[in-house]
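J.: Here is the input, now give the coordinates:
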Amino acid sequence: MDTVLSLEFGKKLYDYFGQHPEFYRVIRWISCLGREKTLQKRTIRALELQEGDTVLDLGCGNGVNLALLHKAVGATGRILALDYSEGMLILAKSIAQKHGWKNIEFIQADAAQIELPGNSLDGVVCSFALSAMPGEDFAVQRVAAALKPGRKFVVFDAKLFTGFGRVLNLIACPVFKYITNWNYQKDVIGALRQLFANTVVTEFNSGCNFIAVAVKENEFLPPKGD
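T.: The predicted structure follows:
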């Protein structure tokens with residue numbers, strides 16, 4: 001196994017970012033070519049959350065989505081913020097404590113191993129996590145089982161540049177592999193489409209960023225092997 005792409009390496013890496021949040025913010029900014037806030041807002045809007053909803057922030061990182069999620073579900077809603085990195089969760093918790101948000105449950109766990117009640121979630125968001133996550137297929141399966149029919153799993157992530165931007169892949173691939181645990185060979189969109197027939201993908205920044213909106217149909221296709 002490639003040590004760089006392992007779960008434990010990722011944990012150590014993001015624990016380090018937890019101690020150096022400024023460095024992490026710069027990496028996020030570069031990853032989105034300066035459009036992170038705009039694309040982040042578009043991602044949360046795509047969930048179409050209502051006040052009182054329950055939403056999972058899968059791979060919540062430093063809590064970058066929490067303010068928008070809290071605004072969407074209100075004080076009567078519930079936010080589950082899950083990450084494998086203790087360092088990232090410490091940052092996310094500090095945001096919640098600063099604003100006095102009491103309706104956020106923080107969970108340290110492997111996204112590929114989480115146990116969630118079936119048909120219990122009104123939405124799931126995942127920002128820049130699936131492409132750096134070993135076992136992403138299993139994480140998608142568990143999300144699909146936990147979502148209520150008709151609700152959405154929205155993924156904001158990175159992939160290889162396309163078109164004229166392809167020359168930048170020569171730099172981006174090795175650099176971001178080591179500084180974010182990014183696996184550019186992962187087919188995140190394909191993993192979504194295996195379980196969510198209704199998946200719409202919009203690309204940005206010469207294809208290096210995308211937002212995938214996957215809607216759970218009334219009939220859920222069981223995970224492989226079931």
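J.: Please count neighbours and contacts with C-alpha atoms only from this point.
T.: Fine.
J.: distance of Trp182 from Ser131?
T.: 6 Å (Cα to Cα, to the nearest Å).
J.: of the two, who's got more company?
T.: For Trp182 versus Ser131, the count of surrounding residues by other Cα atoms under 10 Å is larger for Trp182: 26 against 23.
J.: for stretch 203-210, how far is the first residue from the last?
T.: With Cα to Cα as the measure, stretch 203-210 spans 4 Å from end to end.
J.: ok, residues contacting it?
T.: 32-33, 155-165, 201-202, 211 (Cα atoms under 8 Å, 6 or more residues apart in numbering).
J.: Buried residues in that stretch, which are they?
T.: 203, 205, 207-210 (16 or more other Cα atoms under 10 Å).
J.: can you list the residues you listed in CSV and add distance to Glu115 and secondary structure?
T.: Formatted as CSV, the buried residues of stretch 203-210 follow (distance: Cα to Cα, whole Å; DSSP: H, G, I helix; E, B strand; the rest coil):
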residue, distance to Glu115, secondary structure
Glu203, 31, strand
Asn205, 35, coil
Gly207, 33, coil
Cys208, 31, coil
Asn209, 29, strand
Phe210, 27, strand
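J.: Could you work out the most separated pair of those residues?
T.: Asn205 and Phe210 (8.5 Å; Cα to Cα).
J.: what comes up buried for the helix or strand hosting His70?
T.: Under the criterion of DSSP states H and E, His70 resides in helix 66-73. Going by neighbour count (16+ other Cα under 10 Å), the buried part of helix 66-73 is 66, 69-70, 72-73.
J.: Show me what secondary structure element comes after it.
T.: Where DSSP H and E defines the elements, the next helix or strand beyond helix 66-73 is strand 78-83.
J.: name the helices or strands packed onto that next one?
T.: If contacts are counted by 3 or more Cα pairs under 8 Å, 6 or more residues apart in numbering; DSSP states H and E, strand 78-83 sits against strand 54-58, strand 104-108.
J.: gap between that strand and the chain center?
T.: Between the centre of strand 78-83 and the centre of its chain there are 11 Å (Cα atoms, centre = their mean, to the nearest Å).
J.: Please apply the same query to stretch 105-125.
T.: The answer for stretch 105-125 is 12 Å, by Cα atoms, centre = their mean.
J.: average pLDDT for that stretch?
T.: Per-residue pLDDT values over stretch 105-125 give a mean of 94.
J.: same question, stretch 153-171
T.: Here the average pLDDT along stretch 153-171 is 92.
J.: Go through that stretch and flag the buried ones.
T.: Buried positions in stretch 153-171, judged by neighbour count with 16+ other Cα under 10 Å: 153-161, 169.
J.: Just put those in CSV and tack on distance to Ala92 and secondary structure.
T.: Formatted as CSV, the buried residues of stretch 153-171 follow (distance: Cα to Cα, whole Å; three-state DSSP):
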residue, distance to Ala92, secondary structure
Phe153, 21, strand
Val154, 20, strand
Val155, 19, strand
Phe156, 18, strand
Asp157, 19, strand
Ala158, 22, strand
Lys159, 25, coil
Leu160, 28, coil
Phe161, 30, coil
Asn169, 31, helix
